[in-house]
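S.K.: give the three-dimensional model of this entry:
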Amino acid sequence: MAGLRSNVKLYAMMVALTLNLGFGFGVSAAPAASAETTHPEVTKLVINIPSRTLWVYSGDRIVRYFPVGVGRPGYMTPLGQYKITHKVLEPGWEHPYVGRGKIRIPPGEGNPLGTRWMGFHYYKNGEYGIHGTDRPSSVGQFSSHGCVRMKIKDAETLFDMVEVGTPVEVTYQTVLVRPKGNEMRIVVYPDVFKRGMPDAEKVINDIRRQYPYAKVDPEKIRQALANPLQQPIAVGLTRDDTMTAMDKPPVPPQSSAPSSEVVSASNSGKELEPFDRETQSSMHEHLE
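M.R.: Residues are numbered from 1 along each chain as shown. Predicted structure coming up:
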């Protein structure tokens, strides 16, 4: 009888831990697995929508980055400052657009959420989260209803790196500044959600706030902005060695106009290319 009571109690706890998350997703809560691999302390995650990239920061350094799938037009992943609210190991899924409980997929093969869920933003109808996917081709594209999709292995890696409470920032930067050595380069992404592109002067100001001695070609920046190639384009030098302290231009003031993000390879210790060739190719096909 004692064993029966224990089993009933365990079953009741399992039922109580079944949550309805984001767009009707039914996610079965389970203890977060402890990480066996030592990772650097993660201080924040930054998800940039135009580049479909997730950067992992430790202090002011980028220590990892991953391609992600974000919200498609009409379902843009919400911009803002959030935190990881909870982590779920082996989540279940419930169809978001039919009656509650009519279509459910249990944890395991074919589950749309993959093997990991990291919730970061509740709203009136559910929750947005970072999760794996059974459709790896959707990673690196505008493919979801607002959640952030990752390849299964990438989601598992990130799951072990973050904690409940880790800050999550969702940004919209169509221009990324990516210096390489003394070469100043920018990567320009299409403005899919029509929120506005920075002009050449704004990009130059953003560069010079980080690199006061930079020498850039405004015409090359204009050409890059007019033709978003989603790959690094050289637009000048990070430092003009002929410039003296007397020649240094004043630091430009901050502006409320659409800006560019400085993502320096020197911060991460390695080259920050947008994606691997397979993912980059699928992105171009999607946008053509």
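S.K.: excluding its backbone neighbours, what's nearest V56?
M.R.: Nearest non-adjacent residue to V56, counting by Cβ to Cβ, 6 or more residues apart in numbering: R64, 4.1 Å away. Where you see a C-beta, it was placed from the backbone N, CA and C, and this is true even at glycine.
S.K.: and if you look at E90?
M.R.: P107 (4.0 Å).
S.K.: three-state assignment of the one you found?
M.R.: For P107, the assignment made with DSSP: H, G, I helix; E, B strand; the rest coil gives coil.
S.K.: contacts only, for it.
M.R.: With contacts defined as Cβ atoms under 8 Å, 6 or more residues apart in numbering, P107 is in contact with S28, E90, P91, G92, T115.
S.K.: most neighbours among these, which one?
M.R.: Highest neighbour count within those: P91, with 28 neighbours (other Cβ atoms under 10 Å).
S.K.: need the per-residue pLDDT for that residue.
M.R.: In this prediction, P91 carries a pLDDT score of 85.
S.K.: isn't it right next to W117, touching?
M.R.: Yes: assessed by Cβ atoms under 8 Å, P91 is found in contact with W117 at 4.2 Å.
S.K.: quick one: pLDDT of the residue nearest to E90?
M.R.: Reading off the confidence values, P107 has pLDDT 71.
S.K.: correct me if wrong, but R209 is in a strand.
M.R.: No: assessed with three-state DSSP, R209 is helix; it does not lie in a strand.
S.K.: show me where the stretch 1-150 of the chain has its helices.
M.R.: Taking DSSP state H, counting those that start in this stretch as the test, the helices found in the stretch 1-150 of the chain are 2-16.
S.K.: ok but I186 is inside a helix, no?
M.R.: No: membership of I186 in a helix is not supported by three-state DSSP, which gives strand.
S.K.: mind listing what's buried along stretch 70-87?
M.R.: Using 16 or more other Cβ atoms under 10 Å as the test for burial, stretch 70-87 gives V70, G71, R72, M76, T77, Y82, K83, I84, T85, H86, K87.
S.K.: quick check, nearest of those residues to K180?
M.R.: When the buried residues of stretch 70-87 are ranked by distance to K180 (Cβ to Cβ), V70 comes first, at 26.0 Å.
S.K.: for the closest one, report the pLDDT, please.
M.R.: You'll see V70 listed with a pLDDT of 98.
S.K.: which residues pair with it across the strands?
M.R.: Legend: beta-bridge partners of V70 under DSSP bridges are F142.
S.K.: could you check how far it is from I221?
M.R.: Going from V70 to I221 by Cβ to Cβ, to the nearest Å gives 26 Å.
S.K.: before we move on, what about I186?
M.R.: From I186 to I221 the distance is 7 Å (Cβ to Cβ).
S.K.: which neighbours do these two share?
M.R.: If you check I186 and I221 against Cβ under 8 Å, 6+ apart, the residues they both contact are V203, V235.
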